[in-house]
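K.L.:
For reference, the sequence and a predicted model appear below.
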Amino acid sequence: MNKEEEKTNVSKLIFRPFSLLYFFMIFLWTILLFPFFILSGRVFVRLLGLPPIFTFVIFMLSLFGSYVNIPIMELVSTEPVLAVREISIFGVSWYVPEFEVRRKKTVVAVNVGGALVPLLVSIYLLVFVVPNLESNLFVAYTKIFLALAIVTLLVHAVATPVKGLGIATPAFLPPLVTALTSVALYGLYVPTNPFVIAYVAGTLGTLLGADILNLDKVSKLGAPLVSIGGAGTFDGVYLTGLVAVFLVLILI
């Protein structure tokens, strides 16, 4: 392999292979849960301040965007390899152990559906929705970031580095923890919008706990591509944003 073949152009978009079964499962969750949001239009107004159909578009962008990764950096790791070379002299075979160091490149990318879209929505909530809805901003932001810290720590504790793939998280644990945390915090001192707490803490907490806090392990996984918010993390982020808000609606 020549040097030109080893070079990786990190400026190009990367599309992961299309999995019909995986896509159908995520899409089914969206379709099954969306009617509950439609029946409670107030959730959309309190959560995003947007029409229900626009919120549905955001979820769809998250779904389809999960197949698009934007490379941001490239990491190089080394791995020692033991090989045995056979040498034949005058009909006698000698086996000589050899050590070599192989260099592996890992492209770190940001997944559009699993990282970029939730990040932009969360920023919108924090910058525009919270100041308009909350009477006590200090209390509101304290609850949001406290919930974010709790979800981040828990997700980081259960996130599993998978060699050759990346970081994987259980799909249903983050939404459940996020919902319970949001319900426990929203009524303290001054009532705070629980749906904002659930979405921001759930999506960003999953991203931080699973991917960002495990970036130091990325180069050791041996994966050619590690996607922040993608692969084993996307379903956790996507389902957290969708299911956590739904669970909060049921619990309060």
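P.N.:
Yes, it's here.

K.L.:
Poorly predicted segments of the stretch 51-200 of the chain, please.
P.N.:
51-56, 59, 77-86, 89-102, 164-166 (pLDDT under 70).

K.L.:
one more time with 80, if that's ok
P.N.:
Scanning the stretch 51-200 of the chain for pLDDT under 80 picks out the ranges 51-67, 73-106, 160-172.

K.L.:
How is N69 assigned, secondary-structure-wise?
P.N.:
strand (DSSP: H, G, I helix; E, B strand; the rest coil).

K.L.:
wait, doesn't it sit right on L225?
P.N.:
Yes - between N69 and L225 there is a contact at 7.0 Å, judged by Cβ atoms under 8 Å. Using the backbone N, CA and C atoms, a C-beta is placed for each residue, glycine as well.

K.L.:
Neighbour count for those two, which is higher?
P.N.:
N69 (29 against 18; other Cβ atoms under 10 Å).

K.L.:
Kindly state the beta-bridge partners for the more buried one.
P.N.:
Assessed by DSSP bridges, N69 has beta-bridge partners I14, N111.

K.L.:
how many other residues sit next to the residue nearest to P118 when sequence neighbours are not counted?
P.N.:
Closest residue to P118 apart from its sequence neighbours, by Cβ to Cβ, 6 or more residues apart in numbering: T203 at 3.8 Å. For T203, the neighbour count with other Cβ under 10 Å is 31.

K.L.:
who does whichever strand or helix holds T203 touch, helix- and strand-wise?
P.N.:
Assigning secondary structure by DSSP states H and E places T203 in helix 194-206. Here helix 194-206 touches helix 41-47, helix 117-124, helix 137-158, helix 173-186, helix 234-251, going by 3 or more Cβ pairs under 8 Å, 6 or more residues apart in numbering; DSSP states H and E.

K.L.:
CA atoms only: put the longest one into CSV for me.
P.N.:
It refers to helix 137-158. The C-alpha trace of helix 137-158 is given here as CSV (Å, rounded to 0.1, in the frame of the first residue of the first chain):
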residue,chain,number,x,y,z
LEU,A,137,-33.5,31.6,35.0
PHE,A,138,-31.0,30.7,37.6
VAL,A,139,-33.1,28.0,39.0
ALA,A,140,-34.1,26.7,35.6
TYR,A,141,-30.6,26.5,34.3
THR,A,142,-29.4,24.9,37.5
LYS,A,143,-32.0,22.1,37.2
ILE,A,144,-31.1,21.6,33.5
PHE,A,145,-27.4,21.4,34.1
LEU,A,146,-27.8,19.2,37.2
ALA,A,147,-30.0,16.8,35.2
LEU,A,148,-27.4,16.9,32.4
ALA,A,149,-24.6,16.0,34.9
ILE,A,150,-26.6,13.1,36.3
VAL,A,151,-27.4,11.7,32.9
THR,A,152,-23.8,12.2,31.6
LEU,A,153,-22.3,10.4,34.6
LEU,A,154,-24.7,7.5,34.4
VAL,A,155,-24.3,7.0,30.6
HIS,A,156,-20.5,7.2,30.9
ALA,A,157,-20.7,4.5,33.6
VAL,A,158,-22.6,2.1,31.3
